[in-house]
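Undergrad: next one to model:
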Amino acid sequence: MREPFASSAGVATLALLAAQSAGAHVLNDGGGLFAGLAHPFLGIDHVLAMFAVGLWAAQMGGRALWTVPLTFMAALAGGACLAIVGVALPGVEAGIAASVLAFGLLIALAVRLPLVAGMLLTGVFAVFHGHAHGAELPAIASPLAYAGGFLVATGVLHFTGVAAARAFTPRPLRLAGVCVSAAGVAIVAGLLGSA
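TA: The predicted model follows:
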């Protein structure tokens, strides 16, 4: 029973990563819904963090399965609103890079934080991701349609992470966390190298 589910999760993951690497230019509608849907896939840091939130939520189980992804999405929207109204947030790229590293480590080490602490940590990182999305809002975009698009895309990435985690046994899931954290180290190193 797990094999078809694992295959479906694997295909979905590959499709999402392929969309990211292709740049998702076919979805750009000049700044509306489709541009919002495409935006999270345009950066591997966003893809990995949002996918990892789903992995970690499923790994923790219980109420975290739905509260952690929903917290991320709510804080993502809040961060985007801050950017749209012109509120500056220092260290956005560093916060995004740190989120990839942190979520990867949480999965690799199978850390089960208390629910409120997990939600708080997730929310803080999501604000950085949301601010980046809002700051990159095209000048001609419809903010509501664009935000709706990137929230839907975020939900898809979270769901894909949850589906993948449910298909994995604990060891491959922790290995996925190692891979995500290694990517986080590379992203952080890239930021430090360009500073």
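Undergrad: report the contact partners of the residue nearest the centre of the chain.
TA: Taking CA atoms, centre = their mean as the criterion, Met50 is the residue nearest the geometric centre of the chain, at 1.6 Å. Each residue near Met50 by CB atoms under 8 Å, 6 or more residues apart in numbering is listed here: 40, 72, 129, 154, 157-158, 161. Quick note: C-beta positions are derived from backbone N, CA and C, even for glycine.
Undergrad: run the chain-centre distance for whatever helix or strand it lives in.
TA: Using DSSP states H and E, Met50 maps to helix 44-60. Centre-to-centre, helix 44-60 and its host chain are 6 Å apart (CA atoms, centre = their mean, to the nearest Å).
Undergrad: and the helix or strand following that helix, what's buried?
TA: Counting by DSSP H and E, the next helix or strand C-terminal to helix 44-60 is helix 64-84. Applying a neighbour-count criterion of 16 or more other CB atoms under 10 Å, one finds 64-65, 67-69, 71-77, 79-80, 82-84 buried in helix 64-84.
Undergrad: what helix or strand is Val124 on?
TA: Assigned by DSSP H and E, Val124 belongs to helix 115-135.
Undergrad: quick one: distance of that helix to the chain centre.
TA: In terms of CA atoms, centre = their mean, the centre of helix 115-135 is set 10 Å apart from its chain centre.
Undergrad: that one: which residues count as buried?
TA: Buried, per 16+ other CB under 10 Å, within helix 115-135: 118-119, 121-135.
Undergrad: I'd like to check what contacts the particular helix or strand that has Ala186 in it. Which residues are they?
TA: Using DSSP H and E, Ala186 sits in helix 170-194. Helix 170-194 has contacts (CB under 8 Å, 6+ apart) with 44-45, 48, 51-52, 55-56, 59, 93-94, 96-110, 164-165, 168.
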